[in-house]
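Undergrad: my questions concern the predicted model and sequence given below.
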Amino acid sequence: MTEYSEINTRVKRYARRDKRAWVDKLAHKAQLAAEANNLRELYEITKRLAGKPNTSQQVGVRDPAGRMLITTQNQLIRWQEHFTENFAAPPQQISMNTIQMTPKATKVPTEAPTMKEIKIAIKHLKPNKASGPNNLPANFF
């Protein structure tokens, strides 16, 4: 049992050493990216150090049989098939009987609002909200 404990301790020590070396290498790369003003690489290294997965890698495109498509041309053809199958709408026959006539537009009042309408509108304003174009908050009224 002591032999197992010694080996286990050594493995953990080596793992810590390797992780420390990996972090130092990434920190050095991040420093170089910052000095070169390469913000994209700096951000990706920061995400990697924070333990967030890299989402910029492509997963791949598969054909209907489940085989991975390697070439870009085959992937584009498969995407075209996918969108044609799933989003192409069949042509519709439109007849005059199916079209419903829209109702006439209702008359919108264009005269100036009354004092009563203004008071009701002010009461409905929510407090602590951003001011409007006149830079006056609702609490002012």
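TA: Cool, got the structure.

Undergrad: please, where are all the helices along the chain?
TA: Assigned by DSSP state H, the helices in the chain fall at 2-35, 39-50, 72-87, 115-123.

Undergrad: those helices: which one's closest to residue 60?
TA: For these, proximity to residue 60 was assessed by C-beta to C-beta; helix 72-87 is nearest, at 8.3 Å. Using the backbone N, CA and C atoms, a C-beta is placed for each residue, glycine as well.

Undergrad: neighbouring contacts of the closest one?
TA: Helix 72-87 has contacts (C-beta atoms under 8 Å, 6 or more residues apart in numbering) with 61, 62, 63, 69.

Undergrad: these in strands, which ones?
TA: 61, 62, 69 (DSSP state E).

Undergrad: can you pull up the bridge partners for the first one?
TA: Translated: residue 61. For residue 61, the beta-bridge partners under DSSP bridges are residue 69.

Undergrad: and it, how many neighbours?
TA: Neighbourhood size, residue 61 [other C-beta atoms under 10 Å]: 16.

Undergrad: who touches it in this structure?
TA: Contacts for residue 61 (C-beta under 8 Å, 6+ apart) come out as 68, 69, 74, 75, 78, 79.

Undergrad: just the buried ones among the residues you listed, please.
TA: Buried members of the contacts of residue 61, counted by 16 or more other C-beta atoms under 10 Å: 69, 75.

Undergrad: next one, pLDDT for residue 38 please.
TA: Note on residue 38: pLDDT of 89.

Undergrad: for it, the count of nearby residues, please.
TA: Using other C-beta under 10 Å, residue 38 has 15 neighbouring residues.

Undergrad: ok, it to residue 31 distance?
TA: 11 Å (C-beta to C-beta, to the nearest Å).

Undergrad: overlap in contacts, these two.
TA: If you check residue 38 and residue 31 against C-beta under 8 Å, 6+ apart, no residue is contacted by both.
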